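Asks: Sharing a model prediction with you, sequence too.
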Amino acid sequence: QVQLVESGGALVQAGGSLTLFCKVSGYRYPLNSMGWYRQSPGKERELVATTDTSQTTHYKGSVKGRFTISRDFGKGTASLEMNSLKPEDTAVYYCKVIVGGIFQPPTVHWGQGTGVTVSS
């Protein structure tokens, strides 16, 4: 059973930095992509950053230049380095992984989330 564990969420002042970590375990097929999403109260979950096997990355416009996604598919880990944090970055951040998709139907898995609060 695929499991994701996120860590690194915390309370930080505006302008500060934080790094989130995601560890995937229990997967039998290759990891296809990993990404970070976030959800603020009253809002829908939104993409923050993703990366895939070709190391192609995508970022939400408002985080470009401030956030950096990294991953090691061999170890099943991903991280999100967040700099110059703003109060609007406050949210629960979720790690998402897609497993398989080449020779097997892809499956999507989510972590339980880690909270980030940016104080002004």
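Replies: Now that the structure is in, tell me what you want to look at.
Asks: So for residue 84, what's the pLDDT?
Replies: Turning to residue 84, the model gives it a pLDDT of 98.
Asks: Now it: closest residue in space, sequence neighbours ignored.
Replies: Counting by Cβ to Cβ, 6 or more residues apart in numbering, residue 66 is the residue found nearest to residue 84 once chain neighbours are left out, at 4.7 Å. (Each C-beta comes from the backbone N, C-alpha and C, glycine too.)
Asks: now residue 116
Replies: Leaving aside its chain neighbours, residue 116 sits nearest to residue 9 (5.0 Å; criterion: Cβ to Cβ, 6+ apart).
Asks: what number of residues lie near the one you found?
Replies: Counted with other Cβ atoms under 10 Å, the neighbours of residue 9 add up to 17.
Asks: Next, find the distance separating it from residue 57.
Replies: Separation of residue 9 from residue 57 (Cβ to Cβ, to the nearest Å) stands at 21 Å.
Asks: quick revisit: please tell me how far the residue nearest to residue 84 sits from residue 43.
Replies: As for residue 66, its distance to residue 43 is 19 Å (criterion: Cβ to Cβ).
Asks: which of these two has more neighbours?
Replies: Comparing residue 66 with residue 43 by other Cβ under 10 Å, the one with more neighbours is residue 66, at 15 against 9.
Asks: What residues does the more buried one make contact with?
Replies: When contacts are counted by Cβ atoms under 8 Å, 6 or more residues apart in numbering, residue 66 touches 82-85.
Asks: Can you read off the backbone torsions of the residue nearest to residue 116?
Replies: The phi/psi pair for residue 9 (degrees, to the nearest 10) reads phi -70, psi 150.
Asks: I'd guessed it sits against residue 21; true?
Replies: No: at 9.8 Å, residue 9 does not count as touching residue 21 under the criterion of Cβ atoms under 8 Å.
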